[in-house]
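Visitor: okay, predicted coordinates and the sequence, questions at the end:
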Amino acid sequence: MQILEYHQTPNPTHWLRQIAKSDWRAGQYLHSLLESGQFYSLLGKKSRLLLLTEGNDLLAFCTYAEHDDIPDPNLTPWAGFVYTFPEARGKRRMGKLLERVYYLAKADGFPCVYISTNEVGLYEKYGCSFWKTLPDLNGHESRIYRLPIVHQDYSDVIGTRVAGTVDRPIGSIHPTHKDMVYPINYGYVDGLLGGDGEEQDVYILGPDRPMETFEGVVIGVYHRLNDNEDKWIVTPDGNPVSRETILASIAFQEQYYIGELYLSD
């Protein structure tokens with residue numbers, strides 16, 4: 001899967017045709033805004049349309065926008081036009097787009113992201129919380145959710161040496177999700193409890209063989225925004241690993257969550 005920005009793709013016409021296939025009235029409205037060139041004039045000149053793609057297929061889309069359907073200029077930015085195509089539903093694919101919106105809002109210095117919706121019980125899965133009800137541009141009541149921007153400090157964790165047990169070695173199958181096979185060793189720090197009340201989970205990068213125990217240095221922490229536990233990233237020698245390599249290595253499991261990777265830099 002890959003996230004593209006519609007206005008920066010070399011073939012926007014293809015993606016416009018894909019958006020037109022959505023079975024949602026707001027999706028059709030978004031299509032008309034793009035086709036008529038009104039996207040920026042209505043949503044704001046800094047707004048972006050994010051596309052979750054797989055090859056030439058469009059799985060989901062949403063906007064990172066200055067304005068939405070709530071006429072309050074003090075509320076910004078917004079995650080809007082949030083839509084997943086039917087064949088991609090049930091796998092929390094939208095989470096990766098909301099994760100990207102979160103990163104953009106954090107880079108822009110905002111304290112939270114707003115979402116206007118009539119859904120109940122959906123955005124809570126992605127770390128959002130209900131804030132209040134406000135009238136939209138048509139005078140209809142809309143539920144407003146907020147996704148807070150957090151700033152974690154893991155300076156007391158990164159760089160520490162730890163040891164523990166590998167309970168899911170390379171090649172093992174997730175005990176609940178039988179289609180998930182572990183491509184890296186996964187375990188926990190003996191005797192140290194994490195945020196979920198269980199022993200602290202770790203991803204072990206580097207060794208390419210199944211292990212029973214591990215010892216190494218924490219080089220990073222993956223903070224889940226929609227869960228109560230962090231995942232520590234450990235290598236045997238403590239040598240740094242690129243952000244891209246870490247995210248690719250843990251994506252087999254973290255694709256179902258939204259989160260942020262903290263490194264020493």
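Guide: That came through, no problem.

Visitor: show me what the longest helix along the chain is packed up against.
Guide: Using DSSP state H to define each element, the chain has its longest helix at helix 94-107. Judged by 3 or more Cβ pairs under 8 Å, 6 or more residues apart in numbering; DSSP states H and E, the packing partners of helix 94-107 are strand 2-5, strand 48-54, strand 57-65, strand 78-84, strand 112-117, strand 141-148, strand 259-263. (C-beta placed from N, C-alpha, C; glycine too.)

Visitor: with just CA atoms, put that helix into CSV.
Guide: Output of helix 94-107 as CSV, limited to C-alpha atoms (Å, rounded to 0.1, in the frame of the first residue of the first chain):
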residue,chain,number,x,y,z
MET,A,94,-8.5,4.3,6.9
GLY,A,95,-6.2,4.3,9.9
LYS,A,96,-3.2,4.8,7.7
LEU,A,97,-4.7,7.9,6.2
LEU,A,98,-5.7,9.3,9.6
GLU,A,99,-2.2,8.6,10.7
ARG,A,100,-0.8,10.7,7.8
VAL,A,101,-3.3,13.5,8.6
TYR,A,102,-1.9,13.3,12.2
TYR,A,103,1.7,13.7,11.0
LEU,A,104,0.8,16.7,8.8
ALA,A,105,-1.1,18.4,11.6
LYS,A,106,1.8,17.8,14.0
ALA,A,107,4.3,19.2,11.5
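
Visitor: got a list of contacts for that helix?
Guide: 1, 3, 48, 50, 52, 60-62, 64, 77, 79, 82, 84, 112-113, 125-126, 147, 149, 225-226, 255-260 (Cβ atoms under 8 Å, 6 or more residues apart in numbering).

Visitor: now the helices and strands packed on helix 94-107 as JSON lines including mean pLDDT, mean neighbour count and distance to residue 182?
Guide: Formatted as JSON lines, the helices and strands packed on helix 94-107 follow (pLDDT from 0 to 100; neighbours: other Cβ atoms under 10 Å; distance: least, Cβ to Cβ, whole Å):
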{"stretch": "strand 2-5", "mean pLDDT": "94", "mean neighbour count": "14", "distance to residue 182": "23"}
{"stretch": "strand 48-54", "mean pLDDT": "96", "mean neighbour count": "19", "distance to residue 182": "22"}
{"stretch": "strand 57-65", "mean pLDDT": "96", "mean neighbour count": "23", "distance to residue 182": "24"}
{"stretch": "strand 78-84", "mean pLDDT": "95", "mean neighbour count": "24", "distance to residue 182": "27"}
{"stretch": "strand 112-117", "mean pLDDT": "97", "mean neighbour count": "21", "distance to residue 182": "32"}
{"stretch": "strand 141-148", "mean pLDDT": "96", "mean neighbour count": "18", "distance to residue 182": "29"}
{"stretch": "strand 259-263", "mean pLDDT": "95", "mean neighbour count": "18", "distance to residue 182": "18"}
